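Chemist: coords please:
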Amino acid sequence: PTPKVEWVKMGHNKLPDKARVEHHGKLLVVPSVEEVDNGKYMCKASNLYGNTVHYFTVAVEGEIQVTVSWWHSRA
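Modeler: The predicted model follows:
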């Protein structure tokens, strides 16, 4: 079954207002990224067979360089 996908910025329990989710929840887009967008983000997918969680750290370095790292957690 198709999973329900949820994205949040950790510590805020929601995404920034300018962020949007595309491709059935598979892609998080943050246009015009700024230092305020730094932080940890969580993506959780769940269906009747269970769920999985991925965490992403976004680090904005300067005006155009963005570093993203991620790790996986089975919930």
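Chemist: Just give the number of residues close to Leu48.
Modeler: When neighbours are defined as other Cβ atoms under 10 Å, Leu48 has 6 of them. C-beta: built from backbone N, CA, C; applies to glycine.
Chemist: How about it: what's its closest non-neighbour residue?
Modeler: Pro1 (5.9 Å; Cβ to Cβ, 6 or more residues apart in numbering).
Chemist: so what does the lengthiest strand in the chain touch, helix or strand wise?
Modeler: Criterion DSSP state E: the longest strand present in the chain is strand 50-61. Counting contacts by 3 or more Cβ pairs under 8 Å, 6 or more residues apart in numbering; DSSP states H and E, strand 50-61 is packed against strand 39-47, strand 65-74.
Chemist: Mind telling me which of the ones you listed the model trusts least?
Modeler: When these are compared on mean pLDDT, strand 65-74 scores lowest, with a mean of 62.
Chemist: tell me how far the longest strand of the chain is from the chain's mean position?
Modeler: Counting by Cα atoms, centre = their mean, to the nearest Å, strand 50-61 is centred 5 Å from the centre of its parent chain.
Chemist: Can you read off the pLDDT for the closest residue to Ala19 other than its chain neighbours?
Modeler: Once flanking residues are discounted, Ala19 sits nearest to Val30: 4.8 Å by Cβ to Cβ, 6+ apart. We note a pLDDT of 89 for Val30 in this prediction.
Chemist: Ok, the one 3 residues further on next?
Modeler: On the pLDDT scale, Val33 is placed at 85.
Chemist: Please identify which helix or strand holds it.
Modeler: Assigned by DSSP states H and E, Val33 belongs to neither a helix nor a strand.
Chemist: Would you confirm that it contacts Val60?
Modeler: Yes: the criterion here is Cβ atoms under 8 Å, and Val33 meets it with Val60 at 5.6 Å.
Chemist: Look up how far Lys4 lies from Asn47.
Modeler: Asn47 sits 7 Å away from Lys4, going by Cβ to Cβ, to the nearest Å.
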